[in-house]
Every structure is written in C-alpha cells, then in structure tokens.
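K.L.:
Provided below for reference: sequence and predicted model.
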Amino acid sequence: MQHNFPASLRTSAAIAATLIATGALAGERDAQIRRGAFLVASGDCVTCHTPFRMGANGPEKDLARGLSGHPEDVKLPPPPKLDAAWNWAGSATMTAFVGPWGTSYAANLTPDRETGIGAWSEKEFIRAMRAGKHMGVARPIMPPMPWQAIGQLPDADLRALFAYLQSRPAVKNRVPDYVPPTGAAAGAAGSKSPS
C-alpha cells in the first residue's frame with residue numbers, strides 16, 4: 001500500500017533524517033578525535049613537538065605553540081661534540097636532536113597548510129607513519145621520532161591521530177630542515193621536511 005504524504009511532511013522527514021545522520025557522523029568524528037587525543041597524550045607527542053619556554057617555576061611547555069615543532073625563531077649554535085659514551089643530545093627546547101643520524105628537528109604537526117601537516121591527506125599521514133618517510137615517500141623520518149612503534153598502530157588509530165592533529169589550532173612555524181651528519185654524502189638523506 002502506497003501512502004501519499006503531503007510534500008511538507010516528506011520534506012520534514014528528509015530534513016530530520018539528514019539531521020540524525022549528520023549528528024551521528026559528528027558523534028563518530030568527536031569519538032575519533034577523543035581517541036586521537038588519548039593516543040597523542042599516551043604517546044607523549046607533546047614532549048618533542050611542543051617547545052619548552054622558561055616559566056615562573058623553570059622550564060615548561062609553551063602550549064600557545066602546542067605541537068608546532070622546533071621554533072623557527074630559535075637558532076641553535078653548533079651541536080656539542082659527541083663520543084661513544086654520549087652519542088646523542090637534545091636542545092633546551094626539547095625540539096632539536098643531534099646524533100649519529102645528523103641533526104633532526106621536531107616537525108610542526110599542526111594543521112597549518114604552509115608549515116605544518118594541514119596540506120597532508122589522511123592517506124599520506126598513514127603512509128608516513130608506516131614507511132618512516134615524510135608524506136610516505138620523501139626523506140626518512142629521523143630519530144628520535146618513534147615512527148616504527150606508531151606505524152604498528154591499527155589504521156583506525158592512525159586515522160584518529162590524524163583527525164586529532166587536524167582539529168588543533170594551526171600554528172605557522174617553519175621548522176628548520178634536517179641536517180645530515182658531518183661528512184655524510186649530500187644526497188644521503190633525500191628531500192626536505194614537510195614544512
């Protein structure tokens with residue numbers, strides 16, 4: 001039996017169905033972002049990707065620059081001499097590191113399209129975490145970034161990480177390029193950072 005409902009009722013039903021579907025999608029997206037926030041917190045991503053600044057009680061994270069990587073305005077002197085017993089070191093900002101791999105800088109993980117990962121697709125992010133290469137195809141992601149461990153997460157968790165990072169405030173901050181170790185072949189490290 002076919003019902004001939006008035007057009008206004010059909011329109012109202014269509015609007016209601018759309019709102020319910022939109023609400024369900026928003027709820028799923030919120031849950032995904034919450035999962036990503038949990039993963040970022042439990043993985044302690046903030047420690048390397050958010051610079052320290054001197055506060056009233058000593059060094060503290062500069063949350064206004066949260067997840068923006070090594071500050072572009074912090075120019076570091078040459079790194080300390082390292083030997084076999086001490087073979088890596090970190091900057092006072094906790095965003096730059098030197099070791100046998102060269103000098104690496106924590107990347108800008110905010111959704112800034114020019115200097116962060118705002119222009120990355122979810123697929124590129126997942127590929128980068130799985131392959132250990134920027135955008136999944138460029139130069140290797142250098143230590144101490146634990147991409148090997150992060151790359152073991154299920155796709156749903158990597159999507160949640162990406163969703164959370166994309167939900168954060170964009171911070172314009174061009175991180176310095178990776179510097180190969182002294183004496184290394186010029187092309188050994190591949191292309192520039194994602195910023």
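P.N.:
Thanks, I have it.
K.L.:
element containing the closest residue to Ala119 other than its chain neighbours, please.
P.N.:
Computed as Cβ to Cβ, 6 or more residues apart in numbering, the closest residue to Ala119 that is not its neighbour in sequence is Arg113, at 4.8 Å. C-beta here means a position set from N, CA and C on the backbone, and glycine is covered the same way. Taking DSSP states H and E as the definition, Arg113 sits outside all helices and strands.
K.L.:
using the three-state scheme, assign the residue positioned nearest the centre of the chain.
P.N.:
By Cα atoms, centre = their mean, the chain has its centre lying nearest to Leu109, at 3.2 Å. Secondary structure, DSSP: H, G, I helix; E, B strand; the rest coil: Leu109 is coil.
K.L.:
list the contacts of it.
P.N.:
Taking Cβ atoms under 8 Å, 6 or more residues apart in numbering, we find Leu109 in contact with 45, 49, 67-69, 116-117, 165, 168.
K.L.:
same question for Pro154.
P.N.:
Counted by Cβ under 8 Å, 6+ apart, Pro154 has zero contacts.
K.L.:
distance-wise, check it relative to His134.
P.N.:
Noted for Pro154: a distance of 22 Å to His134, by Cβ to Cβ, to the nearest Å.
K.L.:
quick check: the residue nearest to Ala119 touching Val171?
P.N.:
No - using Cβ atoms under 8 Å, Arg113 is not in contact with Val171; the gap is 11.7 Å.
K.L.:
who's more crowded, these two?
P.N.:
Val171 (20 against 12; other Cβ atoms under 10 Å).
K.L.:
circling back: roughly how far does the residue nearest to Ala119 sit from Asp155?
P.N.:
As for Arg113, its distance to Asp155 is 24 Å (criterion: Cβ to Cβ).
K.L.:
my guess is Ala92 contacts Arg53, does it?
P.N.:
No - using Cβ under 8 Å as the test, Ala92 is too far from Arg53 to be in contact (9.8 Å).
K.L.:
which residues are common contacts for those two?
P.N.:
By Cβ under 8 Å, 6+ apart, the residues touching both Ala92 and Arg53 are Pro59.
K.L.:
pLDDT below threshold where in this structure?
P.N.:
Within the chain, the stretches with pLDDT under 70 are 1-26, 136, 183-195.
K.L.:
do a quick rundown of the strands in it.
P.N.:
52-55, 58-61, 89-90, 96-99, 102-105 (DSSP state E).
K.L.:
for Arg35, find the nearest of those.
P.N.:
Evaluated over the strands of the chain, closeness to Arg35 peaks at strand 58-61, with 22.2 Å, by Cβ to Cβ.
K.L.:
for the residue nearest to Val175 when sequence neighbours are not counted, give me its contacts.
P.N.:
By the measure of Cβ to Cβ, 6+ apart, the closest residue to Val175 outside its immediate chain neighbours is Gly69, 4.3 Å from it. Gly69 sits next to 49, 51, 95, 105-109, 116, 173, 175, 195 when contact means Cβ under 8 Å, 6+ apart.
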